[in-house]
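S.K.: Got a predicted structure here, sequence first:
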Amino acid sequence: MQRYELVGCNASPYSRKLLAILRYRRLPYNWRVQDPATLPSELAGPLRLMPMLRAADDKRFECDSTPLAQMLEERHRDARSIIPDDPAAAFLCHLIEDYADEWCTKMMYYFRWGDPETARVCASWVIRDLRPELRGAERVAAERTFFQRQRDRREMVGCGPDNGPLIEAHFCELLRALSLLGGSDQYLFGTRPSLADFALYGQLFQLTLDAWPQAIVRRDAPLVENWVYRLDDASGVDGAWDTLDAAASNIGRMAILRLIGRCYLPFLVRNAAAIANGERTVSLEIDNRPYAQPAFKYQARCFREIRRRWNTLAESDRSRLSPLLGETGCLPCLNDSFT
C-alpha cells in the first residue's frame, strides 16, 4: 500500500485530526513536524495550510483536512471508513464535522490565546516544534513574535474578550454533551469513530492539553479526556455503526445538534448574508448574548457545502432526518427560504 507523507504541527488541531484518521484507518504514513511554508515550491501550491498530505505517487502536497479526509475515503473505500453507511447519518456526520472545524476551533483559540500564561507556553511549544534549530535569544524572539501575532488575531477569529462568556459557556455545554455518550468506547454514530468524532478530537486534543481548559475538563468532564486519548490512536478500535433510529436516540449527539441548531447554523446563515451583501462584520444574538466577528468567505463556502449535501439527499432520507433536525433547531437554517 502507498505510504503517505503528512506535514503539520502537534499544536495544530487539523494536523492531529488527520493524523488520528490515518492511524485509525491503518494507512501507512510518515509524520513530519514542519511548517508547510518551508516546503519546496515544486511540492506545494501557494496555499500552504496545516496539515499537508501527499502519497508516494503524488507530485504535490494538498491541504485542508476535510477534502483530505474525503480523498482518503475515495482511495481506500474498504479500509475502515469513517463515514456512516447510511446517507442520512452521513449527512449528520458531515454537519457535526463542520461545526467542530469552524465553531469549536473558536473554543480552542480562545482558551489557548486568551490567557497570557497559556499563550506563552503554547508559543514556546510551537516554536520549539517547528524551529528546533533556534537557540537562545533567537528562539526567545521567535516565541515572542508568535505569541503577539496569535494574541492579535483573536478578534479576527471571533475570540475576543467580548465573545468570551459565550465561548466559555458553549465549551462547557459541549463537554456535557460528550459526557452523555457514556464511555470512552462510545462514539457519535456507534461503537466506531466517524469523521465527526475525529474533527471534535482535533480541537479537544488541544483543549485537554492547555492548562486553562484542561482544568475545566478534569473538573467537569474527566470522561471526555479519556475519550480524546482513546481517539488519538484508535487503530485497535473495532465497532459498528448504529442504525439511524438508534443514532437519533443518542442523547450526546442530540445535545451537540441542539448546539449546532442554536448557534452554529444561525451564525453561518448570517455570515453568508454578510458576504453576499458585501458586509465586513457578522453580528447576531446567540443565547441572549451579542456575538460579532469579521465575515469569512471560507465559512460561507462551508455553508454552501452543507446546503448542497442537504439538497442532494434523497427525499426519503430528508424525510427521515426532518423530525430530528426540526427538534434540534437545525432544519430552518437548511430550508430554501434562508438563501
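M.R.: Good, I have the coordinates.

S.K.: tell me the contacts of the residue most central in space within the chain?
M.R.: Among the residues of the chain, the one closest to the centroid is Asp101, at 2.6 Å (CA atoms, centre = their mean). Residues in contact with Asp101, defined by CB atoms under 8 Å, 6 or more residues apart in numbering, are Tyr14, Ser65, Thr66, Ala199, Gly202, Cys302. (Each C-beta comes from the backbone N, C-alpha and C, glycine too.)

S.K.: from those, which two are the most distant?
M.R.: Gly202 and Cys302 (15.7 Å; CB to CB).

S.K.: where does the residue nearest to Ala37 when sequence neighbours are not counted land on pLDDT?
M.R.: Spatial nearest neighbour of Ala37, chain neighbours left out: Arg48 (5.3 Å); criterion: CB to CB, 6 or more residues apart in numbering. Looking at Arg48, its pLDDT stands at 83.

S.K.: what's around Arg48, how many residues?
M.R.: 17 (other CB atoms under 10 Å).

S.K.: Flag every buried residue along whichever strand or helix holds Val140.
M.R.: According to DSSP states H and E, Val140 maps onto helix 136-152. Residues of helix 136-152 classed as buried by neighbour count (16 or more other CB atoms under 10 Å): Arg139, Ala142, Glu143, Phe146, Phe147, Gln150.

S.K.: okay, those in TSV with distance to Pro161 next?
M.R.: Formatted as TSV, the buried residues of helix 136-152 follow (distance: CB to CB, whole Å):
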residue	distance to Pro161
Arg139	29
Ala142	26
Glu143	23
Phe146	21
Phe147	17
Gln150	15
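
S.K.: And the helices in the stretch 201-339 of the chain?
M.R.: 211-220, 222-232, 244-248, 251-259, 265-276, 297-312, 315-327, 331-334 (DSSP state H, counting those that start in this stretch).

S.K.: would a markdown table of those helices with mean neighbour count, distance to Arg80 and mean pLDDT be doable?
M.R.: Output for these, formatted as a markdown table (neighbours: other CB atoms under 10 Å; distance: least, CB to CB, whole Å; pLDDT from 0 to 100):
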| stretch | mean neighbour count | distance to Arg80 | mean pLDDT |
| --- | --- | --- | --- |
| helix 211-220 | 15 | 28 | 96 |
| helix 222-232 | 18 | 13 | 95 |
| helix 244-248 | 16 | 19 | 63 |
| helix 251-259 | 20 | 20 | 94 |
| helix 265-276 | 20 | 30 | 96 |
| helix 297-312 | 16 | 22 | 96 |
| helix 315-327 | 15 | 24 | 94 |
| helix 331-334 | 20 | 30 | 95 |
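
S.K.: closest one to Arg26 among those helices?
M.R.: Nearest to Arg26, of these and by CB to CB, is helix 222-232 at 14.7 Å.

S.K.: any weak-confidence spans in the protein?
M.R.: Low-confidence segments of the chain (pLDDT under 70): 1, 246-249, 336-339.

S.K.: do that again at 50, thanks
M.R.: For the chain, the stretches with pLDDT under 50 are 337-339.

S.K.: quick check: domain ranges of it?
M.R.: Split into domains by automatic domain parsing, the chain comes to 4-75, 87-111+159-338, 112-156.

S.K.: okay, those in JSON lines with distance to Ser81 next?
M.R.: Formatted as JSON lines, these follow (distance: least, CB to CB, whole Å):
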{"stretch": "domain 4-75", "distance to Ser81": "6"}
{"stretch": "domain 87-111+159-338", "distance to Ser81": "9"}
{"stretch": "domain 112-156", "distance to Ser81": "31"}
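
S.K.: My guess is Val33 contacts Gly8. True?
M.R.: Yes - using CB atoms under 8 Å, Val33 is in contact with Gly8, at 7.0 Å.

S.K.: hmm, back to that, nearest approach to Asp115 belongs to which of the helices of the stretch 201-339 of the chain?
M.R.: Closest approach to Asp115 among the helices of the stretch 201-339 of the chain is made by helix 211-220 (4.9 Å; CB to CB).
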